[in-house]
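1. Take this sequence and fold it.
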Amino acid sequence: MAIWWSFLVVEMVQLVFVQALVRRRHIATLLLLPVFKGSYFCDLYAEKRPPGTCNGYFPPIWGWMLGDPHLKTLDGVSYTFNGLGEYTLVQVDDDFFKLQGRTARAITKNGTMSQATVFVAFAAKQQNSSTVQVKLTDDGTDYDVLVDGELFNKTFLDDQPFTPNGTNVSMSLKQEESTVGSGAKVRFVASFTSKMSISIGVAEKMLDVLFSAPEEFKGRVTGLLGFWDGDPTNDFKLPDGNIKQPTGDNFTDAEYFEFGQQWNISANQSIFWYEEGKSWSDYNDPTFEPLFLDELIDNYEREDPAYLSKVRSNCGDDQECLFDSLATEREEIGLLTRNSSTQIRQQQTDLGNFPPNVTIEGSSLLEVEVGKAVSLKLDATDPNPGDTITYMLADPVLGAHITQGKIIILHIQNILSTETWLQNRSNSDQIEANILFFLNRW
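-> Modelled structure (predicted):
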């Protein structure tokens with residue numbers, strides 16, 4: 001590449017921004033591309049590699065469910081549902097995409113069945129894709145992945161994402177720090193061609209799931225994760241299209257349960273694979289009645305007020321933590337729910353922190369001459385209120401410095417090429433502008 005450059009005469013340098021979001025860091029690469037005489041080569045380059053920006057970026061929208069099922073709809077409404085069976089979590093345009101979940105009764109610290117449930121399996125399918133099913137292993141410490149009913153070897157995912165032939169589903173494993181105790185847990189991620197995805201993890205003998213969808217599906221999603229249209233007041237849309245309303249000012253736990261039961265799937269609607277000798281009827285019990293939080297509190301006030309006081313101290317005002325600690329008689333389950341929920345909310349907040357908009361003032365063509373100084377002025381605005389933008393050179397560069405915060409003075413030396421790095425920080429975000437010069441002296 002260096003030899004090829006040496007036969008061309010550089011007249012000007014064109015400025016191009018390329019932006020991307022990588023691991024919570026907003027990266028803006030500022031390329032100074034050589035414009036050759038007649039600008040023919042630059043035009044060809046721009047045709048094949050048009051500049052990309054973060055304009056129009058929307059953070060992915062998440063809905064999730066964890067613990068003794070606590071759900072957060074795509075419009076941000078939190079509620080608890082303890083049905084026992086298989087349910088539609090997400091349905092897009094009837095049959096375009098489905099995400100279904102299976103629950104089982106939670107086990108108390110004494111090994112008895114509780115009157116609460118946890119998720120033990122999920123299944124997802126898009127039109128023209130394979131069905132991906134994730135189910136808790138018998139010992140509750142891991143999960144198995146099945147593709148169209150066949151056990152999938154997860155070791156294929158150790159190094160990189162993998163798309164089995166004919167499935168139209170990209171699968172990967174993602175390491176993530178545990179929210180309770182030490183070490184890391186491995187989440188399974190399935191991404192579909194629609195850009196919808198699911199992320200599933202295991203902890204304390206139960207599964208949790210995060211569902212993500214792009215904005216284009218707004219107004220087309222229903223199920224336990226709610227009717228997604230940006231309006232949280234109509235989230236509880238029933239399969240018949242009606243919106244369930246509370247009898248009072250707010251929904252009661254019993255009313256949430258009534259809503260959830262409406263999304264209980266039939267045998268014909270199920271996309272789950274069933275083991276030999278088992279069927280839909282082995283996993284669904286429409287007669288099951290859970291204990292709601294107020295009932296649990298009443299029971300513990302009578303039978304074990306000391307434990308109730310202890311978990312209230314642990315959980316504070318976190319009702320999900322309180323419910324799980326009481327329903328399972330295990331403090332660690334409540335703490336897991338609280339910490340996991342906090343972690344997910346923080347991740348969603350980070351994704352919602354939009355990158356600053358960086359523009360170059362003046363012409364996008366910068367005339368330069370080897371050995372002489374050149375001035376470059378950048379203007380940046382941050383769409384997130386309260387975020388401040390500062391510039392700095394990440395590494396010392398000979399002859400380069402910043403004045404007045406936004407003007408970069410670069411002294412180009414009598415060399416073939418040089419690199420300088422500019423770093424722009426907006427709160428926890430970082431923007432790095434990589435300024436590359438390809439110059440020849442003739």
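
2. Run through the stretch 151-300 of the chain and note the low-pLDDT ranges.
-> Counting by pLDDT under 70, the stretch 151-300 of the chain contains low-confidence residues at 177-184.

3. where exactly do the strands run in it?
-> For the stretch 151-300 of the chain, applying DSSP state E, counting those that start in this stretch gives strands covering 169-177, 184-192, 197-203, 206-213, 221-222.

4. possible to save those strands as TSV with distance to residue 341 and mean neighbour count?
-> From N, CA and C alone the C-beta is placed, and that goes for glycine too. Formatted as TSV, the strands of the stretch 151-300 of the chain follow (distance: least, C-beta to C-beta, whole Å; neighbours: other C-beta atoms under 10 Å):
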stretch	distance to residue 341	mean neighbour count
strand 169-177	14	15
strand 184-192	15	18
strand 197-203	12	21
strand 206-213	10	24
strand 221-222	21	24
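
5. now those in TSV, with distance to residue 359?
-> What follows is these, written out as TSV (distance: least, C-beta to C-beta, whole Å):
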stretch	distance to residue 359
strand 169-177	34
strand 184-192	33
strand 197-203	32
strand 206-213	30
strand 221-222	35
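
6. For residue 126, which of those is the nearest?
-> Among those, strand 184-192 comes nearest to residue 126, with 4.4 Å by C-beta to C-beta.

7. Distance check, residue 78 against residue 269.
-> Using C-beta to C-beta, to the nearest Å, we find residue 78 at a distance of 26 Å from residue 269.

8. Which of these two has more residues huddled nearby?
-> residue 269 (15 against 12; other C-beta atoms under 10 Å).

9. Check the gap between the nearest residue to the more buried one once chain neighbours are set aside and residue 252 for me.
-> For residue 269, ignoring the flanking residues on the chain, the nearest one in space by C-beta to C-beta, 6 or more residues apart in numbering is residue 88 at 7.5 Å. For residue 88, the distance to residue 252 equals 22 Å [C-beta to C-beta].

10. Could you tell me how many residues sit around residue 242?
-> Using other C-beta under 10 Å as the criterion, the residues surrounding residue 242 number 10.

11. tell me the contacts of it?
-> With contact set as C-beta atoms under 8 Å, 6 or more residues apart in numbering, residue 242 has no partners.

12. burial count for residue 357?
-> With other C-beta under 10 Å as criterion, residue 357 counts 16.

13. what's the nearest residue to it if we skip its chain neighbours?
-> That would be residue 381: by C-beta to C-beta, 6+ apart, it lies 5.2 Å from residue 357.

14. repeat for residue 265
-> Using C-beta to C-beta, 6+ apart, the closest residue to residue 265 is residue 86 (5.2 Å).

15. looking at it, the one you found is touching residue 104, isn't it?
-> No: with contact defined as C-beta atoms under 8 Å, residue 86 does not reach residue 104; the gap is 10.6 Å.

16. where do the contact lists of those two overlap?
-> With C-beta under 8 Å, 6+ apart, residue 86 and residue 104 have common neighbours residue 283.

17. okay, these two: which has more neighbours?
-> Neighbours per residue (other C-beta under 10 Å) separate residue 86 from residue 104, with residue 86 holding more: 23 against 17.

18. So what pairs up with that one in the strands?
-> Counting by DSSP bridges, residue 86 is bridged to residue 102.

19. quick one: it from residue 273, how far?
-> 12 Å.

20. next one: residue 213
-> The value you get for residue 213 to residue 273, if C-beta to C-beta is used, is 24 Å.

21. Over to residue 207?
-> For residue 207, the distance to residue 273 - C-beta to C-beta - is 16 Å.

22. Domain map for this structure?
-> 2-58+357-438, 61-289 (automatic domain parsing).

23. who's in contact with residue 253?
-> Contacts of residue 253 by C-beta under 8 Å, 6+ apart are 80, 292, 293, 294.

24. Count the neighbours of the last one for me.
-> Think residue 294. Quick note: residue 294 (other C-beta under 10 Å) scores 11 neighbours.

25. now it: how far from residue 286?
-> 23 Å.

26. ok, residue 238 touching residue 244?
-> Yes: Residue 238 is within contact range of residue 244, at 5.8 Å (criterion: C-beta under 8 Å).

27. what is in contact with those two at once?
-> If you check residue 238 and residue 244 against C-beta under 8 Å, 6+ apart, the residues they both contact are 259, 262.

28. Okay then, goodbye and thanks.
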